[in-house]
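Enquirer: This is a predicted model, with the sequence first.
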Amino acid sequence: MKAITYTEFGGPEVLRLDEVGEPQAGPGQVRLKVVAAAVNPLDHKIRNGWMPQLAPPFPVTPGLEAAGVVDQVGEGVTGVSVGDEVLTWTVTGAYAEYALATDFAPKPAGLDWDAAAALPVAVETSVRVLDTLKVGEGDMLLLLGASGVVGAAAVQLAVARGATVVGTASPANHDYVRSLGAIPVAYGDGLADRVRAAAPQGVDAVFDAAGQGDLPVSIELRGGTDRIVTIADPQAAELGVTFSGGGGPFGDRLAEYARLVADGELRVRVAQSLPLAEAAQAQELSATGHAQGKIVLRP
């Protein structure tokens with residue numbers, strides 16, 4: 001099968017389109033023929049060697065999220081059959097024609113393939129952090145990076161819980177953030193003053209989905225490190241802030257959110273769909289942080 005691989009850390013030039021052996025579904029696994037694979041910022045960070053603790057052995061096939069059609073069902077797997085359409089987190093790399101998975105959800109018939117591939121990480125991350133922060137009715141949530149894929153999902157889910165959200169974004173994305181139900185503010189110098197103007201009653205919780213160095217401002221606004229969680233800032237430990245880096249199985253809950261997207265009650269923005277062979281370009285676009293949605297690869 002065709003797959004993107006790399007055998008050393010480095011820039012996008014280390015990625016190559018290879019012919020590799022097809023994975024076979026083992027106990028507890030399904031194999032899917034990948035229809036769409038999503039690109040995440042984590043992909044280029046691992047490729048660059050910045051997070052070696054997360055890198056599998058070389059050769060690496062990058063990518064976590066995918067949507068596709070089940071074509072093998074391993075021993076012990078129930079509730080899914082060959083031919084079923086699913087969205088999932090892969091265990092063998094999503095940038096490939098076939099991938100294995102252990103945690104997945106059915107894809108609703110009305111859900112677009114690209115949106116399906118873009119959904120698992122954004123939803124699982126958003127729910128995990130909002131649960132950690134105990135965001136609920138009446139809370140004022142500051143969401144750093146509100147126009148990104150994770151941030152946008154978190155805005156919508158926080159508003160659905162009854163929270164008011166102030167979300168940072170570039171001015172070009174303010175209308176989008178506002179359409180999600182948040183109060184947009186520009187990031188950068190003077191952020192604390194802008195947040196205080198938007199939320200004069202104070203901030204109850206902070207979700208940092210951007211990792212752009214705004215944790216000190218967040219601590220200032222909260223008056224301490226309580227109820228602040230980041231998924232992206234490596235300074236978290238030295239500042240005493242909670243870093244949330246992953247959770248357990250989520251497939252059962254993912255099915256619920258996939259249905260919301262299919263029904264138009266939850267929005268996920270896809271910026272661009274590219275052929276698998278253009279994985280290097282896709283990762284470069286993702287790495288800019290200005291893609292205005294998820295980049296998706298089509299094998």
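Expert: It's in.
Enquirer: where's Gly289 relative to Glu97, distance?
Expert: Using Cβ to Cβ, to the nearest Å, Gly289 is found at 29 Å from Glu97. (Each C-beta comes from the backbone N, C-alpha and C, glycine too.)
Enquirer: can you list the domain ranges for this structure.
Expert: Domain assignment for the chain by automatic domain parsing gives 2-121+249-298, 135-226.
Enquirer: Serialize these to JSON lines and add fields for mean pLDDT, distance to Gln235 and mean neighbour count.
Expert: Listed next are these as JSON lines, based on pLDDT from 0 to 100; distance: least, Cβ to Cβ, whole Å; neighbours: other Cβ atoms under 10 Å:
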{"stretch": "domain 2-121+249-298", "mean pLDDT": "96", "distance to Gln235": "15", "mean neighbour count": "19"}
{"stretch": "domain 135-226", "mean pLDDT": "97", "distance to Gln235": "6", "mean neighbour count": "20"}
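Enquirer: Of these, which is nearest Val241?
Expert: Proximity to Val241 (Cβ to Cβ) singles out domain 135-226 among the domains of the chain, at 5.3 Å.
Enquirer: follow-up on the earlier one: next, format the domains of the chain as CSV and append distance to Gly240.
Expert: Formatted as CSV, the domains of the chain follow (distance: least, Cβ to Cβ, whole Å):
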stretch, distance to Gly240
domain 2-121+249-298, 22
domain 135-226, 5
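Enquirer: among the ones you listed, which is nearest Thr242?
Expert: Thr242 lies closest, by Cβ to Cβ, to one member of those: domain 135-226, at 7.8 Å.
Enquirer: end to end, how far does that closest one reach?
Expert: Separation of the first and last residues of domain 135-226 by Cα to Cα, to the nearest Å is 13 Å.
Enquirer: quick one: contacts for Val3?
Expert: I think there's a mix-up here, since residue 3 is Ala and not Val. Ala3 sits next to 17-20, 61, 93, 95-97 when contact means Cβ atoms under 8 Å, 6 or more residues apart in numbering.
Enquirer: Mind doing that once more with 10 Å?
Expert: Going by Cβ atoms under 10 Å, 6 or more residues apart in numbering, Ala3 touches 16-23, 34, 59, 61-63, 92-99, 276, 279, 299.
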